[in-house]
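Colleague: sequence first, predicted coordinates after that:
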2 protein chains.
Amino acid sequence: MAELSEKTGIPVPTIKYYIRENLVAPGRPTGRNQADYSDEHVRRLKLVRAMIEYGGLSIAVIRDLIVRIDNPELEAFDLLGAAQQTVTQVKDVPPGPYRDSAERRLRDLLAKRGWRLRTGDPAYRTAVGVLATLDEVGRQDMLEALDDYAEAAERFAEIDLSLVGDVSDRERAVEIVVIGTAVGDTLIAMLRRLAQATLGERLHT
Amino acid sequence: MAELSEKTGIPVPTIKYYIRENLVAPGRPTGRNQADYSDEHVRRLKLVRAMIEYGGLSIAVIRDLIVRIDNPELEAFDLLGAAQQTVTQVKDVPPGPYRDSAERRLRDLLAKRGWRLRTGDPAYRTAVGVLATLDEVGRQDMLEALDDYAEAAERFAEIDLSLVGDVSDRERAVEIVVIGTAVGDTLIAMLRRLAQATLGERLHT
């Protein structure tokens, strides 16, 4: 396990914790207090750490996702949808006029862009909550830019999908969805800030 | 305070907690156990709740930001930069070949796009961390798409900046940066997922 720790840069107690939480399989026992770890262990450990550190995902969420990744009976497209949903935290808002209005606004947007409507999707529910919040805090200007944001978001999704590519390579596709969704959110958020800083400077100098 | 709670939909104990944590000013005392709350209180309360619930910001981060919003001596452009940085959580990675390579990659990108280089920026540091992680977990395909992502991110930043508009309306500008950065990250993440679901379906049917 010391070697595994060295290879991955993850401390031994953390590796033990991941194994205890069923995020990573234990090694093959080779003797008292000795076990063999494969390259698969190294890969999985790095994936788990990336999801915790950059995806901000909880242990429970990651465990649920690992179970799906390791379940060969789940169809690739369903698996990818599940992976995407698993890394999406739902933030609902209480019923009321703001939520009703947000839901109408989102349905209009989906219809206009030809995006599918699945009201149970974590992304749909959270988007409704975000739109309701923007309305409630008086940021109607951002709501008016919604269609522009959606157009730019579609560009991201196109890049994402081009990366997933061949879904018959199942583990790779799931990895891209998980990493691409969770870590990709942070990447996009940071690129947006870096661009803002430059554009803002140009604007005010 | 009961009236304030009704107006904002925020429970009285939560309002008391926000006041105790200096996120919201106490009301103007009008008698024993009575106080007056202005529309400014309503607005601030909704802003704080939005930052907690949709921005995922800690109390300490929000308090720091409130102090800056309320400090009239801070220049508008610096204030907006600070607001943007405050809502950006830094995730550094340990020094090593992955980080060195990530930093080179990011500098190349900034130079290519004409974005400014400020290595102390939380967004810069976190972007380096994200790129190092992608490299380490074997997602070189995502790294190769970095320039495409950056181009799409620039489109978001253009929309963001057009919303900020006139920075002489200082409180409005800060609100847009705070809400737009924190809540906007979630909005963009959700729009990206909604678009992915549709594009993915088209791809595999």
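Modeller: Structure's in. What do you need?
Colleague: keeping just the C-alphas, turn whichever strand or helix holds A:L47 into PDB.
Modeller: Assigned by DSSP states H and E, A:L47 belongs to helix A:39-53. Coordinates of the C-alpha atoms in helix A:39-53 are reproduced here as PDB (Å, rounded to 0.1, in the frame of the first residue of the first chain):
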ATOM      1  CA  ASP A  39      -3.000  -0.400 -12.300                       C
ATOM      2  CA  GLU A  40      -6.800  -0.400 -12.100                       C
ATOM      3  CA  HIS A  41      -6.400   0.600  -8.400                       C
ATOM      4  CA  VAL A  42      -4.100   3.500  -9.300                       C
ATOM      5  CA  ARG A  43      -6.600   4.700 -11.900                       C
ATOM      6  CA  ARG A  44      -9.600   4.300  -9.600                       C
ATOM      7  CA  LEU A  45      -7.900   6.100  -6.700                       C
ATOM      8  CA  LYS A  46      -7.000   9.100  -8.900                       C
ATOM      9  CA  LEU A  47     -10.600   9.200 -10.200                       C
ATOM     10  CA  VAL A  48     -12.000   9.200  -6.700                       C
ATOM     11  CA  ARG A  49      -9.700  11.800  -5.500                       C
ATOM     12  CA  ALA A  50     -10.400  14.000  -8.500                       C
ATOM     13  CA  MET A  51     -14.200  13.700  -7.900                       C
ATOM     14  CA  ILE A  52     -13.700  14.600  -4.200                       C
ATOM     15  CA  GLU A  53     -11.300  17.500  -4.700                       C
END
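Colleague: buried set for it?
Modeller: A:41-42, A:44-53 (16 or more other CB atoms under 10 Å in any protein chain shown). Just so you know, the C-beta spots here come from the backbone N, C-alpha and C atoms, and that holds for glycine as well.
Colleague: please apply the same query to stretch A:95-112.
Modeller: Buried, per 16+ other CB under 10 Å, within stretch A:95-112: A:98-99, A:101-103, A:105-106, A:109-110.
Colleague: return the member of the residues you listed nearest to A:P122.
Modeller: Minimum distance to A:P122 across the buried residues of stretch A:95-112 is 13.6 Å, recorded for A:L106 (CB to CB).
Colleague: find the centremost residue of chain A, please.
Modeller: By CA atoms, centre = their mean, the mean C-alpha position of chain A lies nearest to A:A182, the distance being 2.9 Å.
Colleague: that one is in what secondary structure piece?
Modeller: Going by DSSP H and E, A:A182 is part of helix A:170-204.
Colleague: that helix relative to helix B:170-204, how many degrees between them?
Modeller: 150 degrees (axes from the mean of the first three to the mean of the last three CA atoms, to 10 degrees).
Colleague: distance from helix A:170-204 to the middle of the chain?
Modeller: 12 Å (CA atoms, centre = their mean, to the nearest Å).
Colleague: A:V130 reaches B:A189, doesn't it?
Modeller: No - with contact defined as CB atoms under 8 Å, A:V130 does not count as touching B:A189 (9.3 Å).
Colleague: who touches the lowest-mean-pLDDT helix or strand in chain A?
Modeller: Lowest by mean pLDDT, DSSP states H and E among the helices and strands of chain A is helix A:76-86, with a mean of 79. Helix A:76-86 is contacted by residues A:61, A:64-65, A:68-69, A:74, A:121-123, A:164, A:167-168, A:170, A:173-174, A:177-178, A:181, B:193, B:196-197, B:200-201, B:204 when judged by CB atoms under 8 Å, 6 or more residues apart in numbering or on different chains.
Colleague: do stretch A:31-42 as well
Modeller: Contacts of stretch A:31-42 (CB under 8 Å, 6+ apart): A:1, A:3-4, A:7-8, A:24-30.
Colleague: of those residues - the most surrounded one?
Modeller: A:V24 (24 neighbours; other CB atoms under 10 Å in any protein chain shown).
Colleague: for that residue, which three-state class applies?
Modeller: Secondary structure, DSSP: H, G, I helix; E, B strand; the rest coil: A:V24 is coil.
Colleague: is it true that it touches A:V48?
Modeller: Yes - counting by CB under 8 Å, A:V24 touches A:V48, with 6.3 Å between them.
Colleague: over to A:G120. Which of the three states is it?
Modeller: A:G120 is classified as coil under three-state DSSP.
Colleague: need phi/psi at it.
Modeller: Reported as degrees, to the nearest 10, the phi and psi values for A:G120 are phi -90, psi -10.
Colleague: against chain B, how distant is it?
Modeller: 12 Å (CB to the nearest CB, to the nearest Å).
Colleague: and if you look at A:I66?
Modeller: 14 Å.
Colleague: kindly report the same for A:V61.
Modeller: 15 Å.
Colleague: how many neighbours does the closest residue to that residue other than its chain neighbours have?
Modeller: Nearest residue to A:V61 in three dimensions, chain neighbours excluded: A:T86, at 6.0 Å (CB to CB, 6 or more residues apart in numbering or on different chains). A:T86: 22 surrounding residues under other CB under 10 Å.
Colleague: hang on, isn't A:A145 packed against B:I159?
Modeller: Yes - if you go by CB under 8 Å, A:A145 and B:I159 touch, sitting 5.3 Å apart.
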